[in-house]
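# got a predicted structure plus its sequence, pasted below:
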Amino acid sequence: MNLLEIKDLKVSVKDKVILDGFNLEIKPGEVHVIMGPNGSGKSTLSNIICGKSGYVIENGDINYESNNLLDLSIDERAAKGIFLAFQHPIEIPGVNSLNFIKESINTIRKNKNEKPFDTLEFLNLIKEKQKSLEIKDSFLKRDVNVGFSGGEKKRFDILHMLMLDPKLVILDEIDSGLDIDALKLVSEVVNKFKDSNKAFLIITHYQRLLDYIKPDVIHIMQNGKIIDSGDKSFATLLEKEGYSAFGK
Ligand SMILES: Nc1ncnc2c1ncn2[C@@H]1O[C@H](COP(=O)(O)OP(=O)(O)O)[C@@H](O)[C@H]1O
Ligand SMILES: [Mg+2]
């Protein structure tokens, strides 16, 4: 059974069609990669799946587990295990990073009728995950993303992901802003987190991420739809010949 199923999706923003005829099926345990030129609609797709507002769904369906995803609010989607690491994480001045993750995990627990974590439980849980990402306590005392370097934002996002323990993880250009050591570290953490119940949708421009996180399928996206799908050799071909090599 598919975890995520997108059928003939058409989406517009302010009368501009961004996705059109978009189809995608992802099974639990799979790692899908989307590569595509700037402006092809990759971030829009991520936003639509996680439930961000401001888009008009003109046509199509999105099913997740046995739910019509489009009927669910952004919070309900998060509670059902959908997580998106944004391409451009937002700064939230005045909100402490540690509290941000605690609030977010407890909102999800509440939505699932689970008891919220008390401070001690929460701190015990986050400690080991912090360690795996080499994130110091002092870092989490800062306001969310304020003054974080590109790499720090991405590591913070991955920490958030580990804490929420989602089933469908969407990483939108997680590799941009990461130096090679941070890329390796983040990839290792993601690989450890992967299991047969979870699926990944990874958006990237670069083959180097795929040296560390092995994809099952690579999709090439252009003008709001997938024009070609194949195995990891696609990334090498793309690096050599560019997007014109696909969709013929
Ligand atoms: N809120 C918006 N208002 C107007 N145009 C938008 C908006 N969001 C996205 N777009 C446009 O939709 C197209 C796809 O954007 P995006 O999904 O960010 O592409 P990608 O992530 O593949 O680079 C771009 O032309 C972009 O300018
Ligand atoms: Mg984008």
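Yes, it's here. Numbers count the residues shown, from 1 in each chain. Ligands and ions are numbered 1, 2, ... in the order given.

# what about the strands in this protein?
4-13, 16-26, 31-35, 56-64, 67-68, 82-85, 92-96, 143-144, 168-172, 199-203, 217-222, 225-230 (DSSP state E).

# CSV please, covering those and showing mean pLDDT and distance to Tyr243.
To be clear about C-beta, it is placed using only N, CA and C from the backbone, and glycine gets the same treatment. Below are the strands of the chain laid out as CSV (pLDDT from 0 to 100; distance: least, C-beta to C-beta, whole Å):
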stretch, mean pLDDT, distance to Tyr243
strand 4-13, 98, 21
strand 16-26, 98, 17
strand 31-35, 96, 8
strand 56-64, 97, 24
strand 67-68, 94, 33
strand 82-85, 95, 24
strand 92-96, 96, 35
strand 143-144, 96, 35
strand 168-172, 96, 18
strand 199-203, 96, 15
strand 217-222, 97, 7
strand 225-230, 96, 9
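
# want to throw those strands into a markdown table with distance to Phe122?
Converted to a markdown table, the strands of the chain look like this (distance: least, C-beta to C-beta, whole Å):
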| stretch | distance to Phe122 |
| --- | --- |
| strand 4-13 | 29 |
| strand 16-26 | 31 |
| strand 31-35 | 29 |
| strand 56-64 | 27 |
| strand 67-68 | 28 |
| strand 82-85 | 18 |
| strand 92-96 | 13 |
| strand 143-144 | 16 |
| strand 168-172 | 21 |
| strand 199-203 | 26 |
| strand 217-222 | 36 |
| strand 225-230 | 40 |
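
# next, the buried residues of stretch 27-40.
By 16 or more other C-beta atoms under 10 Å, the buried positions in stretch 27-40 come out as 28, 30-36, 40.

# quick one: contacts for the residue nearest the centre of the chain?
Against the mean C-alpha coordinate of the chain, by C-alpha atoms, centre = their mean, the closest residue is Ile170 at 1.9 Å. For Ile170, the contact set (C-beta atoms under 8 Å, 6 or more residues apart in numbering) comprises 46, 49-50, 82-85, 200-203.

# ok, these vs ligand 2, which is closest?
Among those, Ile203 lies closest to ligand 2 (C-beta to the ion), at 6.7 Å.

# ok, what's across the strand from that closest one?
Judged by DSSP bridges, the bridge partners of Ile203 are Ile34, Asp172.

# that one: neighbour count?
Using other C-beta atoms under 10 Å, Ile203 is surrounded by 25 other residues.

# need the residues that contact stretch 18-28.
Applying C-beta under 8 Å, 6+ apart, the set of residues contacting stretch 18-28 is 1-12, 32, 41, 44-45, 48, 55, 60, 167-168, 196-199, 201, 219, 223-226.
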